[in-house]
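J.: the sequence and its predicted three-dimensional model are supplied below.
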Amino acid sequence: MTETTQQQPSVSTTDCYVIQYDRLDETPLSVAIANAVATYRDIDATELEPLYYVINPEALERLFAPRADGLRSEGSVTFEYNGCSVTVTADGEIRVTTA
C-alpha cells in the first residue's frame, strides 16, 4: 500500500522548510504542522511535544478552515514549536525556520 499526500515541499533548505498544505485534504492541519517540523528537524513526528502545549489545534483548524463562501485568502499565524518558528498562512503555506 502506498501513501499519497497533497503536501508537497516548495522550498527546503537548512534554514527554512516550506510545504503547501491542501486545506481541502482530510489530513488535519495540526498533523501537517507536526510533520513539517519533524521533517525540518530530521526527527520522527512522535518525538515532538504535543502541539497543544503551544497553540490550540482546534482553534487553528477553525481559523484556516474553508468558509461557506470559499477558502480564506488572507491571514497568517506564527508561533514557536519545538525550537522552530512556524508560520501558517491562509493560502495553505506552512513555513518552518529555526526560532
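T.: On my side now, so go ahead.

J.: now the helices for the protein?
T.: Listed in chain order, the helices found in the chain under DSSP state H are 29-41, 57-64.

J.: identify the residues contacting the last one?
T.: Okay, so that is helix 57-64. 23, 28-30, 33, 51, 72, 75, 77, 88, 90, 92 (C-beta atoms under 8 Å, 6 or more residues apart in numbering). Every residue, glycine included, has its C-beta placed from N, CA and C.

J.: the inter-axis angle of that helix versus helix 29-41?
T.: For helix 57-64 against helix 29-41, the angle by axes from the mean of the first three to the mean of the last three C-alpha atoms, to 10 degrees is 100 degrees.

J.: okay, helix 57-64 in PDB with CA atoms only?
T.: The C-alpha trace of helix 57-64 is given here as PDB (Å, rounded to 0.1, in the frame of the first residue of the first chain):
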ATOM      1  CA  PRO A  57      -5.000  22.900  17.400                       C
ATOM      2  CA  GLU A  58      -8.800  23.100  17.100                       C
ATOM      3  CA  ALA A  59      -8.800  26.900  17.000                       C
ATOM      4  CA  LEU A  60      -6.000  26.800  14.400                       C
ATOM      5  CA  GLU A  61      -8.100  24.400  12.300                       C
ATOM      6  CA  ARG A  62     -11.200  26.700  12.500                       C
ATOM      7  CA  LEU A  63      -9.100  29.700  11.700                       C
ATOM      8  CA  PHE A  64      -8.000  28.300   8.400                       C
END
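
J.: now it: buried residues?
T.: 57, 60, 64 (16 or more other C-beta atoms under 10 Å).

J.: flag the least confident of those.
T.: Within the set of these, pLDDT is lowest for F64 (85).

J.: about what we covered before: for C84, find the nearest of the helices of the chain.
T.: Counting by C-beta to C-beta, C84 lies closest to helix 29-41 out of these; the figure is 5.3 Å.

J.: averaged pLDDT, that closest one. What do you get?
T.: On average, the pLDDT along helix 29-41 is 97.
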